[in-house]
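> Fold the following and give me the result.
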Amino acid sequence: MVLALLLAGCGISNPVVDDAKVREATELHFGSPLLPIDVGPVVLSGDHAIADWTQGDYGGRALFERNGAGWILLLCSGDSVRRAANLERAGVPPFNAAAMADQLVKEERDLPPERLARLKRFVGTAADHQRYLRRLAAEAAQRSGVSSP
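Below is the predicted model:
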């Protein structure tokens, strides 16, 4: 653990630190006090990462890119992020795209079927996550009989 902290301070990539930072970035983008978020698995290759997340009855996969400011959200989608060709279209280098697509399939094999079903509910590709969160809040409020903002 000490080595991980030392490497993080030197600007050297560290999978343990990167995993934690991607999880944190996912929670910042999609987290809501109304609907807790569950993040994982996270797969990393080079300066790119994919984080699976579920929230209530929904979920998705977030694609991140590391730059000088940290891990930046590029897009969110459902099953389309599992394909290397789609990752390449989003700007991920071919080697990293193939590695992440393969690793994600392996990591998701152990997920419960109901969680995989929630990950598939994210249809299309989104960049407007605030609208998505408002829709989730409105649906949750509608189910509970409370009006939402």
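> Now Pro15. Nearest residue, chain neighbours left out?
In space, and not counting its chain neighbours, Pro15 is closest to Leu44: 5.9 Å by Cβ to Cβ, 6 or more residues apart in numbering. From N, CA and C alone the C-beta is placed, and that goes for glycine too.
> ok, the one you found - contacts?
15, 18-19, 22, 100 (Cβ atoms under 8 Å, 6 or more residues apart in numbering).
> swap the cut-off to 10 Å and go again
Shown in contact with Leu44 (Cβ atoms under 10 Å, 6 or more residues apart in numbering): 13, 15, 18-19, 21-22, 50-51, 64, 66, 71, 96, 99-100, 103.
> In terms of helices and strands, where is the residue nearest to Asp47 when sequence neighbours are not counted?
Closest residue to Asp47 apart from its sequence neighbours, by Cβ to Cβ, 6+ apart: Arg66 at 4.2 Å. Assessed by DSSP states H and E, Arg66 sits inside strand 58-67.
> Partner strands of the helix or strand following that strand and their direction?
Using DSSP H and E, the helix or strand that follows strand 58-67 in sequence is strand 70-77. Using DSSP bridges, the strands paired with strand 70-77 are strand 58-67 (antiparallel), strand 125-126 (antiparallel).
> Packed most tightly, which of those strands would that be?
strand 58-67 (a mean of 21; mean count of other Cβ atoms under 10 Å).
> so where's the chain uncertain?
Judged by pLDDT under 70, the chain has its weakly predicted residues at 1-13, 124-137, 146-149.
> The same query, at a cut-off of 80, please.
For the chain, the stretches with pLDDT under 80 are 1-16, 122-149.
> Could you pull out the helices in this protein for me?
Assigned by DSSP state H, the helices in the chain fall at 2-9, 15-30, 84-89, 94-108, 113-120, 129-144.
> Format these as CSV; extra columns: mean neighbour count and distance to Gly60.
Converted to CSV, these look like this (neighbours: other Cβ atoms under 10 Å; distance: least, Cβ to Cβ, whole Å):
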stretch, mean neighbour count, distance to Gly60
helix 2-9, 11, 28
helix 15-30, 18, 8
helix 84-89, 17, 14
helix 94-108, 16, 13
helix 113-120, 14, 6
helix 129-144, 14, 9
